[in-house]
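Colleague: Give me a model of this one.
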Amino acid sequence: MNYLEKLLEGVEVEWKEINNISEIYGGLKGKSKEDFTDGNAKYVSYKNIFYNIEVDFERLETVKVASDENQYEVKYGDVIFTGSSETANEAGMSSAVTNKSDIKVYLNSFSFGLRFNSDIELLPEFSKYLFRSHFMRKAIAKTANGVTRFNISKKRFKKLQIPIPTLEIQQKLVDILDSFTKHTTELRTELRTELTGRKQQFTYYREQLLSFDKEEVLHLPLGDENIGEFIRGKRFVKTDILEEGVPAIHYGEMYTHYGTWANQTKSYVSRELVDRKKLRLAEKGNVIIVAAGETIEDIGQGTAWLGDEGVVIHDACFYYKSDLNPKYVAYFTRTRQFHDQIKKHIRTGKISAINAKGLGQAIIPIPSPEEQERIVSILDKFDKLTISISDGLPKEIELRHKQYEYYRTLLLDFPKANVDI
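Modeller: Numbering: from 1, shown residues only. So this is what the prediction gives:
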């Protein structure tokens, strides 16, 4: 018997249809884009609802509202919802109003509010957990309709049923969940602080290990013909990407998916496309370097390709062929000394970019192959500890989040035959 079962032993929990216990009101109406500039009133934004289980009154935004306008106000005890999203699973996200405001507060146009009848005893602090619970999120998602954007059907939403335990039970559950939330948040903050510290430590050692006195080791431009050459990839588009085929790396994935090295890809293209467009492939030991991005800081990051099979490279990237240790080069492309050298060669605009000549002018220190391997070995250990998604602190943060979700679901899993619509 779990805690909730013990708490509810001998107690019957009422389930009531939303339509019978509340009224639904809409967000701001009749507003233009100009009304959201230099406003005189406060409103709860879509993001405020989406990212917070209770409204963050410190992050209200402004809108122009005349004194004679007929607009709904957000009140203490309300639960407000986003009206739509790109996926059904993210439509109808809730945020409870758990604080009283001294000023009038309105609601985003693309949202709606739920106000419970005066005879319904529902703690706002309980509502914030209830409507974000697994079973309620699943039920709310089923009320969404759409193809490219999903909108909550108010007609279907009103038919949802919610559990209303006694105030005493609500308060006990709130106390437990508040305590667990606080503990989880503190732990997550500690882990992220530690992760940030590890990354800073990693960055420091990377800069130190890849800095040499010019009298100690040879320094040459990356584009020196005795060192290596840059070869630009060829264009393919996102619609060319498949789930299997020839390994391929699109330039956008260099920012979101790849680190210092890789031996397999997220994306693939067809062999027919490779042959027809004569796409270029990097081979094992080459370093893929992204050459375009939205900011100067984005450009120049390298990933050593260690896969046995060749990989198709997008035309916003180069691959670098050399006899240097590929991981050594990849780590070097992520140092401040490298970026300080290439930024003066980057063309800026909506999309910033650099060419092979610009990349090739960056000077790289070239210690012995043995020293390159020693440096790579040290940096690999830091990389695994601080950046890898499957090891170290990021995994611990994810596990803690899943643990929190599990216990929240367990505590709010009220017995009922059906909550579907």
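
Colleague: Please make it C-alpha for all contacts and neighbour counts, starting now.
Modeller: Will do.

Colleague: And the helix or strand harbouring residue 208, what does it pack against?
Modeller: Residue 208 belongs to helix 167-209 when elements are defined using DSSP states H and E. Here helix 167-209 touches helix 124-130, helix 369-386, helix 392-411, going by 3 or more CA pairs under 8 Å, 6 or more residues apart in numbering; DSSP states H and E.

Colleague: Could you identify which of these is most buried?
Modeller: Of all these, helix 124-130 carries the top mean neighbour count, a mean of 23, counting by mean count of other CA atoms under 10 Å.

Colleague: if we can go back for a sec, the helices and strands packed on helix 167-209: lowest mean pLDDT?
Modeller: For the helices and strands packed on helix 167-209, the bottom mean pLDDT is recorded on helix 392-411, which sits at a mean of 76.

Colleague: Run the angle between it and helix 167-209 for me.
Modeller: Helix 392-411 and helix 167-209 meet at an angle of 170 degrees, taking axes from the mean of the first three to the mean of the last three CA atoms, to 10 degrees as the criterion.

Colleague: How far away from the center of its chain is helix 392-411?
Modeller: Put simply, helix 392-411 sits 16 Å off its chain's centre (CA atoms, centre = their mean, to the nearest Å).

Colleague: which helices and strands sit right next to that helix?
Modeller: Contact here means 3+ CA pairs under 8 Å, 6+ apart; on that basis helix 392-411 packs against helix 3-7, helix 167-209, helix 369-386.

Colleague: how about a cut-off of 6 Å?
Modeller: Here helix 392-411 touches no other helix or strand, going by 3 or more CA pairs under 6 Å, 6 or more residues apart in numbering; DSSP states H and E.

Colleague: Alpha carbons of it, in PDB - could you do that?
Modeller: Taking Å, rounded to 0.1, in the frame of the first residue of the first chain, the C-alpha atoms of helix 392-411 are listed here in PDB:
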ATOM      1  CA  GLY A 392      28.600  12.300 -15.200                       C
ATOM      2  CA  LEU A 393      26.400  15.100 -13.900                       C
ATOM      3  CA  PRO A 394      24.000  15.700 -16.900                       C
ATOM      4  CA  LYS A 395      22.800  12.100 -16.400                       C
ATOM      5  CA  GLU A 396      22.400  12.700 -12.700                       C
ATOM      6  CA  ILE A 397      20.300  15.800 -13.300                       C
ATOM      7  CA  GLU A 398      18.000  13.900 -15.700                       C
ATOM      8  CA  LEU A 399      17.700  11.000 -13.200                       C
ATOM      9  CA  ARG A 400      16.700  13.400 -10.400                       C
ATOM     10  CA  HIS A 401      14.000  14.900 -12.700                       C
ATOM     11  CA  LYS A 402      12.600  11.500 -13.600                       C
ATOM     12  CA  GLN A 403      12.500  10.600  -9.900                       C
ATOM     13  CA  TYR A 404      10.600  13.800  -9.100                       C
ATOM     14  CA  GLU A 405       8.100  13.000 -11.900                       C
ATOM     15  CA  TYR A 406       7.600   9.500 -10.600                       C
ATOM     16  CA  TYR A 407       6.800  10.500  -7.100                       C
ATOM     17  CA  ARG A 408       4.500  13.300  -8.100                       C
ATOM     18  CA  THR A 409       2.600  10.900 -10.300                       C
ATOM     19  CA  LEU A 410       2.400   8.400  -7.500                       C
ATOM     20  CA  LEU A 411       1.100  10.900  -5.000                       C
END
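
Colleague: before we move on, the earlier item: buried residues, the helix or strand that the helix holding residue 208 is followed by. List them.
Modeller: Counting by DSSP H and E, the element after helix 167-209 in chain order, helix or strand, is strand 218-221. By 16 or more other CA atoms under 10 Å, the buried positions in strand 218-221 come out as 219, 220, 221.

Colleague: Include distance to residue 67 and pLDDT when you put these into JSON lines, please.
Modeller: Listed next are the buried residues of strand 218-221 as JSON lines, based on distance: CA to CA, whole Å; pLDDT from 0 to 100:
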{"residue": "219", "distance to residue 67": "71", "pLDDT": "96"}
{"residue": "220", "distance to residue 67": "70", "pLDDT": "96"}
{"residue": "221", "distance to residue 67": "68", "pLDDT": "97"}
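
Colleague: hang on, the earlier thing: could you give the angle of the helix holding residue 208 to helix 369-386?
Modeller: 170 degrees.

Colleague: I'd like to know the average pLDDT value across helix 167-209.
Modeller: 87.

Colleague: how far does it sit from the chain's center?
Modeller: On CA atoms, centre = their mean, the centre of helix 167-209 falls 17 Å from the chain's centre.

Colleague: give me the number of residues near residue 92?
Modeller: Counted with other CA atoms under 10 Å, the neighbours of residue 92 add up to 29.

Colleague: Look up how far residue 195 lies from residue 110.
Modeller: 37 Å (CA to CA, to the nearest Å).
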